[in-house]
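Novice: Provided below are the primary sequence and the corresponding predicted coordinates.
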Amino acid sequence: MAEEVRVRIAPSPTGKLHIGNARTGLFNYLFARNVGGKFILRVDDTDKERSTEESERAIYEGFEWLGIDWDEGPNKSGDYGPYRQSERGELYHDAIQKLLESGNAYYCFCSQDELAEKRTAAEKAHEIYRYDNMCRDIPLDEARKRVAAGERAVIRLRIPDDVTIVFEDLVRGEIEVKSKAFDDFIIAKPNGDPLYNLATVIDDHLMKISHILRGQDHLTNTSKQILIYNALGYPLPKFGHFSLIMDKNRKKLSKRAGAVYIGDFKKDGYLPQAVTNFIALLGWSPGEDREKMTLPEMVEAFSMNRIQKSDAIFDTEKLLWLNGVYIRDMELPEFLENVKPHLKEAGYPVDDVSQEWLNKVVALEQERIKTFSEAPEVFEFFFKDIPYEKELLTKKTKKTDEEIVGALEQVKAELEKVDNWVEAELEKTCRELVEKMEWKTGQLFMPIRVAVTGRKATPPLFDTIEVLGRELSLKRIDKAIELLKV
RNA sequence: GGCGCUAUAGUAUAAUGGUUAGUACAUGGGGCUCUCAAUCCCAAGAUAGGAGUUCAAUUCUCCUUAGCGCUACCA
């Protein structure tokens, strides 16, 4: 009987939720849900200086926004808590004592300055620096006396001299590293606080984590951690290392590359479904030609076998397209609900207009935007008068200002006669007119479009005029005529 | 420098020891059309390089090259 699958994401709360962390979390989530296991969120805040509550909150919010929920965590119940490393001090201290007593770890009294000196000396001599094991053979009771007397000491792991660390990586296959690659690295600070690798091993073991799936930036840590597992006598979990996400220059993703925090995407008008969908596709594919998938569909299709080994470049072009797909697939009320805040923020009086009218307006632009942040711009002319260049009115028509003035005057005259101000009537009227004038439709429709909207690209002209209404449309045509006359 | 990981079009990916190396986004062209969008059609575009194993290699092995990661009393 296989043991229960338990995976975790263990972010350190030193900043907002990053796209890379989000993807690692997502993959862990998908893996857990796919096999009916548990997904745990643990906060790795051993670095007290850099950890903040605000960051911790941002991480929760980020995952929640993406639709990723966890079974156990600091803000949830669970049998393996506490889920914040800062609250697990005793557990670590016990393990450290065990390590010390078994001889797998020892106190090191070398000062940071001393060590730094040796390191720079080695670098200067173009030699590889490794800790020189100065304190390796100090007897434990002697060391304890010195510590008791107030001497400052870190704790190092005693690395076996000549063993080979081998493990089966779930995405990369067999990984082999010689223990000689490591020196006796430090596992606890002088105050007794564990360093990352130690704390992680203890927590993962105590929390019964069965699969440790994280970025390949941890590949070296995994070997070190296996050494710790062995020293502590813990059974090994399974490991898997995902590729990393790089920017367009194949460099580490940074804020300068654009949006890299989950919150940025929310702000930029992306849908969480689209973002989740997109980041899942960065390094994973369901193995068939299927790209748009809901979270449950991804859970269903997920498999570690289909995880990509090579780094992924974060190119948001496809995200933009995918977001557009999601927007177009929305029902109108849902779309309205999503654009509304953006319109409001732009200062458009969405609450003072009729719901019916708003629906019509919004429907005209739904298939024309790819993110909600485009909304203020494309909806502008529905809500306020916008100034425009008179050149726009004649552009590409090959007509003179006078001819356009004449045309617009006729349009106005004809439109004034329309009783039933609906798209079909408006179009019929204008088409009859253009036929009579013997102009090409575009030559007349473009000036009308510019007159009533101020721009060259808009929703279908007569739908737009219908929604704009008789009064406003005619007023704008008048204004255009005036503009051309001067 | 040391140790490790990776390599299919610009990007994300599919595929098999034998295919015209598939798909999507982006790009270019065209259709539709009052513009834009959507949509449809077409096009261009990839197995990093070199050896080896094999009847056959993009796939397996090795080397080279390139990129990335780690090399903290950070996580």
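Specialist: The structure has been received and is ready for your questions.

Novice: tell me the contacts of A:Ser243?
Specialist: Listed by C-beta atoms under 8 Å, 6 or more residues apart in numbering, the contact set of A:Ser243 reads A:Gly215, A:Gln216, A:Gly283, A:Gln308, A:Lys309, A:Ser310, A:Asp311, A:Ala312. Just so you know, the C-beta spots here come from the backbone N, C-alpha and C atoms, and that holds for glycine as well.

Novice: same question for A:Ile96.
Specialist: Neighbouring residues of A:Ile96 by C-beta under 8 Å, 6+ apart: A:Ala105, A:Ile155, A:Ile187, A:Ala188, A:Gly192, A:Pro194, A:Leu198.

Novice: buried residues in the helix or strand of chain A with the lowest mean pLDDT?
Specialist: One helix or strand of chain A scores below all others by mean pLDDT, DSSP states H and E: helix A:391-394, with a mean of 86. Neighbour counts over helix A:391-394 (16 or more other C-beta atoms under 10 Å) mark A:Leu392, A:Leu393, A:Thr394 as buried.

Novice: now the residues you listed as TSV including distance to A:Lys479?
Specialist: Formatted as TSV, the buried residues of helix A:391-394 follow (distance: C-beta to C-beta, whole Å):
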residue	distance to A:Lys479
A:Leu392	13
A:Leu393	11
A:Thr394	15
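
Novice: show me which of those is closest to RNA strand B.
Specialist: Using C-beta to the nearest atom of the strand, A:Leu392 comes nearest to RNA strand B of the buried residues of helix A:391-394, at 11.2 Å.

Novice: how about that closest one, what does it touch?
Specialist: A:Val450, A:Gly454, A:Arg455, A:Lys456.

Novice: what about the first one, which helix or strand?
Specialist: Assigned by DSSP states H and E, A:Val450 belongs to helix A:441-453.

Novice: which other helices and strands contact the helix or strand hosting A:Ile226?
Specialist: Assigned by DSSP H and E, A:Ile226 belongs to helix A:219-232. Counting contacts by 3 or more C-beta pairs under 8 Å, 6 or more residues apart in numbering; DSSP states H and E, helix A:219-232 is packed against helix A:89-101, strand A:154-157, strand A:164-169, strand A:173-178, helix A:196-206, strand A:238-242.

Novice: for those, which one sits closest to RNA strand B?
Specialist: Smallest distance to RNA strand B across the helices and strands packed on helix A:219-232 (C-beta to the nearest atom of the strand): 3.2 Å, for helix A:196-206.

Novice: what residues of the closest one count as buried?
Specialist: A:Tyr196, A:Asn197, A:Leu198, A:Ala199, A:Thr200, A:Val201, A:Ile202, A:Asp203, A:Asp204, A:His205.

Novice: what does stretch A:132-149 give?
Specialist: Buried, per 16+ other C-beta under 10 Å, within stretch A:132-149: A:Cys135, A:Ile138, A:Ala143, A:Val147.

Novice: want to try TSV for these, with pLDDT and distance to RNA strand B as columns?
Specialist: As requested, these are exported to TSV (pLDDT from 0 to 100; distance: C-beta to the nearest atom of the strand, whole Å):
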residue	pLDDT	distance to RNA strand B
A:Cys135	95	11
A:Ile138	96	15
A:Ala143	97	15
A:Val147	96	13
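
Novice: okay if I get the residues you listed as TSV plus secondary structure?
Specialist: What follows is those, written out as TSV (DSSP: H, G, I helix; E, B strand; the rest coil):
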residue	secondary structure
A:Cys135	coil
A:Ile138	coil
A:Ala143	helix
A:Val147	helix
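
Novice: extract the CA atoms of stretch A:64-75 and return them as CSV.
Specialist: What follows is stretch A:64-75, C-alpha atoms only, in CSV (Å, rounded to 0.1, in the frame of the first residue of the first chain):
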residue,chain,number,x,y,z
GLU,A,64,-6.4,32.3,-3.8
TRP,A,65,-6.7,34.6,-6.8
LEU,A,66,-5.4,31.9,-9.1
GLY,A,67,-7.9,29.5,-7.6
ILE,A,68,-5.3,27.3,-6.0
ASP,A,69,-6.4,26.2,-2.5
TRP,A,70,-4.4,24.2,0.0
ASP,A,71,-5.4,21.6,2.6
GLU,A,72,-3.1,22.5,5.4
GLY,A,73,-1.3,25.7,6.2
PRO,A,74,-0.8,28.5,8.8
ASN,A,75,-4.3,29.8,8.2
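
Novice: touching it from outside, list them.
Specialist: Residues contacting stretch A:64-75 (C-beta under 8 Å, 6+ apart): A:9, A:22, A:25-26, A:29, A:38-43, A:56, A:60, A:63, A:76, A:78-84, A:207, A:262-263, A:266, A:272-273, A:275-276, A:295.

Novice: surely A:Leu320 and A:Lys370 touch.
Specialist: Yes: counting by C-beta atoms under 8 Å, A:Leu320 touches A:Lys370, with 5.2 Å between them.

Novice: so which of the buried residues of helix A:196-206 reach RNA strand B?
Specialist: A:Tyr196, A:Asn197, A:Ala199 (C-beta under 7 Å from any atom of the strand).

Novice: pretty sure the last one contacts A:Tyr92?
Specialist: Translated: A:Ala199. Yes: here A:Ala199 reaches A:Tyr92: they are 6.0 Å apart, a contact under C-beta under 8 Å.

Novice: common neighbours of those two, please.
Specialist: Counting by C-beta under 8 Å, 6+ apart, A:Ala199 and A:Tyr92 have no common neighbour.
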